[in-house]
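A.B. asks: model this:
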Amino acid sequence: MSRIGSMPIEIPGGVTVDVDDGNVVTVKGPNGELSQRVSRRMQIDVNDDTIEVKRPSNDRQDRSLHGLTRALIANMVEGVTKGFEKRLEIRGVGYRAEMQGNRLIMRLGFSHPVEIDPPEGVELAVEDNTTVIVRGADKQKVGQIAAEIRMTRPAEPYKGKGVRYVGEHIRRKAGKAAKVGADM
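C.D. replies: Numbers count the residues shown, from 1 in each chain. Model (predicted):
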């Protein structure tokens, strides 16, 4: 039995969960509404305060879909109640970020500023010119936008300059070794 798939999902107050005949799960809560199509093979039972995901057999595909389906629904419930957040930090001399309306403008050492427009349902914020915060109800969108922001200028291993997640450790390399001796 799947350890993750067999665990019931608690439904907090103020959250409604609907499952239609095409196995589209819709979760509504204080932070918005999320929908996800899940496999028809999985049976989703919505009780008063819990959701249970059941699988039809012990086939390899059913076992993998069992945990995936449960995790997707649990992330939707958490997203519409608490939301998700990713923090990125910018390091480097002259590297900074600012907001113009809802657009993120970053100066990362290029000849031009890097501009990022967030998709619907994702909110961007800048703290002290070097910290970018990505918030939203959809875990996948938040992670994707954070990854796209990081890829504009990934932290390089020699000086550590660039965009990284808060708490991310960048493995540093030694620079070019100086030539020893007077062979020249």
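A.B. asks: right, and residue 19 touches residue 43 too?
C.D. replies: No: the criterion here is Cβ atoms under 8 Å, and residue 19 misses it with residue 43 at 9.6 Å. Where C-beta positions appear, they are placed from N, C-alpha and C, glycine not excepted.
A.B. asks: who has more neighbours, these two?
C.D. replies: Using other Cβ atoms under 10 Å, the more surrounded residue of residue 19 and residue 43 is residue 19, with 17 against 13.
A.B. asks: what's across from that one in the sheet?
C.D. replies: For residue 19, the beta-bridge partners are residue 25 (DSSP bridges).
A.B. asks: longest strand anywhere in the chain?
C.D. replies: Determined from DSSP state E, the single longest strand within the chain is strand 84-91.
A.B. asks: partners of it in the sheet?
C.D. replies: With DSSP bridges as the test, strand 84-91 is paired with strand 131-136 (antiparallel), strand 162-165 (antiparallel).
A.B. asks: how far away is residue 123 from residue 139?
C.D. replies: Distance, residue 123 to residue 139, by Cβ to Cβ, to the nearest Å: 14 Å.
A.B. asks: those two: which is more packed in?
C.D. replies: Using other Cβ under 10 Å as the criterion, residue 123 and residue 139 rank with residue 139 on top: 19 against 15.
A.B. asks: I'd say that one and residue 82 touch.
C.D. replies: No: counting by Cβ under 8 Å, residue 139 stays clear of residue 82, with 10.9 Å between them.
A.B. asks: now the angle from the longest helix seen in the chain to strand 84-91?
C.D. replies: As assigned by DSSP state H, the longest helix anywhere in the chain is helix 60-81. Angle, helix 60-81 to strand 84-91, by axes from the mean of the first three to the mean of the last three Cα atoms, to 10 degrees: 80 degrees.
A.B. asks: report the buried residues of helix 60-81.
C.D. replies: Buried residues in helix 60-81, counted by 16 or more other Cβ atoms under 10 Å: 62, 65-81.
A.B. asks: so which helix or strand takes in the spatially most central residue of the chain?
C.D. replies: The centroid of the chain falls nearest to residue 143 when counting by Cα atoms, centre = their mean (2.2 Å). When elements are assigned from DSSP states H and E, residue 143 belongs to helix 139-151.
A.B. asks: and for residue 55, the neighbour number?
C.D. replies: Counted with other Cβ under 10 Å, the neighbours of residue 55 add up to 23.
A.B. asks: list the buried residues of the helix holding residue 143.
C.D. replies: For helix 139-151, by 16+ other Cβ under 10 Å, it's 139, 141-142, 145-146, 149-150.
A.B. asks: much appreciated, bye for now.
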